[in-house]
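# build the 3D model from these lines:
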Amino acid sequence: MGMGVLMVAEKPSLAQSIAAFLSHGQMHSRRAALEVHEWQGSFQGSPATVKMTSVIGHVYSLDFPAAYSSWDRVDPVELFDADTVKLEANPKAHVCRHLQQEAKGCDFLVLWLDCDREGENICFEVMDNALPHMRRVAPGQQQVFRARFSAISAAEVHAAMAALVLPNRAEALSVDARQELDLKVGVAFTRFQTRFFQGRYGNLDAAVVSYGPCQTPTLGFCVERHQTIVAFQPEPYWVVKPQLARAGEQLTLEWERGRVFDQDVGIMFSSAVKQAAALKVTSITVKEDRKHKPSGLNTVELLKVASSALNMGPAHAMSIAERLYSSGYLSYPRTESSAYPPNFDITGTLSSQTRHPIWGEYAAALLSQGVSRPKGGTDVGDHPPITPVRAATEDELGGGDAWLIYDYVARHFLGSLSGDCVLKKTKAVLTGGGEVFTASGSVVLKAGFTAIMPWRASQAAPMPLLTDGQTLQLKDVELVAGRTSPPDYLTEAELIGLMEKHGIGTDASIPTHINNIGQRNYVQVQSGRRVVPTELGITIIKGYQLIDPELCRPQVRAHVEAQIGLIADGKAQKDAVVAHTLEQFKAKFMFFVAHIARMDALFEASFSPLSSSGKLKLWPQHQQHLQLQQSW
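Predicted structure coming up:
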């Protein structure tokens, strides 16, 4: 019997694309629980029958045994020390049975899961199902291989096949650690809070009053901004604004003092300028300034732009980017890197865009100039920055949000290979009555990357011609009154930035956490994609601040993420990290329970008692919990 090779991808569409590349289109497909693509090929230099199939994301989900499913009979504190079980994530899809069946008669397993920690974890889930049913190989012979790739293209897939490696158990264990911590901490707090508050108040407008180690600090950022706005006390201020008597020319002057907070002082300064009757130009400086081209595009930057410029929520934008990746239009969209690694084929990627109907000529011009590797950015070593893989038109992608994401990624890639935007900036200093004012203007000398990213262009306007020593008569001097204003609510883009800065979640999970606080009715996304906390969200965070502020501060989760990172790097033991972290959170949970009256006083001031609402008390049960556990 000939050699058999089983290959497994993360999604059916990826399995089909990879199989087509490896078989040179000579595969035949059949439908089992999931599609299987077969062809005659070679492996490790020997003829082989190859089968390519897929999973549909994680094979397993982590949960508690059935004995812990009751919200009424189980004290939530018991969950910190409870066992956990891995259950089939999609039982109706029969993924486990499918893998076991397809593994029979195969000698080798090649894993084509996404190349991140979650994908590494799925590798071992596949191995647990496939290996027991495969043929045995010679002692010491490698049976499992891992393909590492960053795009779904023929070149990338064949290169990965030629450089197979071992799956990374340390990264897989780091995901196991995160899953266990988030499950136990999140469910314990959520069950206690939900039972306590839904048993007292009838208008919470939430199925569960949930806590999540990532979700709650994310909400905390939003509520802290709300508290800053509410506590803000506006102050009056005054600004001296001279108007020059120059026919047909507008010269905007900025007062060097900016503003003063005493009206009498403002009157004194404006009177002195009025008495001078003129301003004298005391210096003119001209300098060249550069607006630097962007570094490569990473996930967080893409999500920020999608929200602030494309009016897309981060979860939706990530879904679109992943679909474009699966279809072979974009490279892997989950990356922290913003610098192109030394082995990245910049010329090849740029060449693929030279026939694009919109920016093909621009790409060809860059290519003809000779592309130098961009400087700046950070190469984290995970995946290259997000780039287009092949040229696509708006019609080909069906327009809409898919085109907006693709268009931005392509333009950002071209912009990162372009020159800087070069400006000539002119600044004049004018004095009168002892006060100093400045006028400025700018002219674009070289558009650079802003030619392909016009929204990044500076609003350049030349300054009217002035000469050193010139005297300009004053038409009027105004003392303009104003009031300081509070900061606005956080935009999604600002919230994403804060999460990245403080280590809350990963580039892949940030969209999920933001989405979850909206689904829980803790925040609402309003005009301008500003994230405004609801009364429920505000009350919950205020309660944590009264009892144990660390429960909603980012530092605790950032520390946990750092420990998980050590597991992934092979520098810490998973069991030790999990045990220590659970011990800390168990102590926090017990303190929280003992002092819940502090939070209850806040709820009592904001919500109606259950007795006055006429509602019945209904606890969420195990099935609902399964839908929630990925959001902790």
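
# list phi and psi for Trp255.
Dihedral pair for Trp255: phi -80, psi 130, per degrees, to the nearest 10.

# neighbours around Phe591, how many?
Phe591 has 13 neighbouring residues, counting by other C-beta atoms under 10 Å. From N, CA and C alone the C-beta is placed, and that goes for glycine too.

# helix, strand, or coil at Ser210?
Reduced to three states with DSSP: H, G, I helix; E, B strand; the rest coil, the structure at Ser210 is coil.

# per-residue confidence at it?
Predicted confidence (pLDDT) for Ser210: 93.

# nearest residue to it other than its sequence neighbours?
The shortest distance from Ser210 to any non-neighbouring residue, by C-beta to C-beta, 6 or more residues apart in numbering, is to Thr190 (4.5 Å).

# quick one: the one you found from Met499, how far?
21 Å (C-beta to C-beta, to the nearest Å).

# element containing the nearest residue in space to Arg334 that is not next to it in sequence, please.
Among residues not flanking Arg334 along the chain, Ala508 sits closest, at 4.6 Å (C-beta to C-beta, 6+ apart). Using DSSP states H and E, Ala508 maps to neither a helix nor a strand.

# show me what contacts Ala508?
Asp116, Glu118, Thr299, Met318, Arg334 (C-beta atoms under 8 Å, 6 or more residues apart in numbering).

# neighbour-wise, which one of the residues you listed leads?
Result: Thr299 is most packed of those (other C-beta under 10 Å), 29 neighbours.

# verify the stated contact: that one with Pro333.
Yes - between Thr299 and Pro333 there is a contact at 6.3 Å, judged by C-beta atoms under 8 Å.

# what's the overlap in contacts for the two?
Joint contacts of Thr299 and Pro333 (C-beta under 8 Å, 6+ apart) are Met318, Ile386.

# buried residues in stretch 187-204, which are they?
187-198, 200-202, 204 (16 or more other C-beta atoms under 10 Å).

# equivalent analysis for stretch 60-67, please.
Buried-residue list, stretch 60-67, by 16+ other C-beta under 10 Å: Tyr60, Ser61, Leu62, Asp63, Phe64.

# circling back to that earlier point, distance of the residue nearest to Arg334 relative to Met3?
36 Å.

# likewise Leu297?
41 Å.

# how many other residues sit next to Ser239?
Wrong residue type there; residue 239 is Val, not Ser. 18.

# hmm, Val531 and Leu495 touching each other?
Yes - between Leu495 and Val531 a contact is recorded at 5.6 Å, counting by C-beta under 8 Å.

# coming back round to it: so what does the helix or strand hosting the residue nearest to Ser210 touch, helix or strand wise?
Assigned by DSSP H and E, Thr190 falls within helix 169-198. If you count contacts as 3 or more C-beta pairs under 8 Å, 6 or more residues apart in numbering; DSSP states H and E, helix 169-198 packs onto strand 60-63, helix 117-130, helix 554-568, helix 574-594, helix 596-606, helix 622-628.

# can you rerun that using 10 Å?
If you count contacts as 3 or more C-beta pairs under 10 Å, 6 or more residues apart in numbering; DSSP states H and E, helix 169-198 packs onto strand 60-63, helix 117-130, helix 215-231, helix 535-547, helix 554-568, helix 574-594, helix 596-606, helix 622-628.
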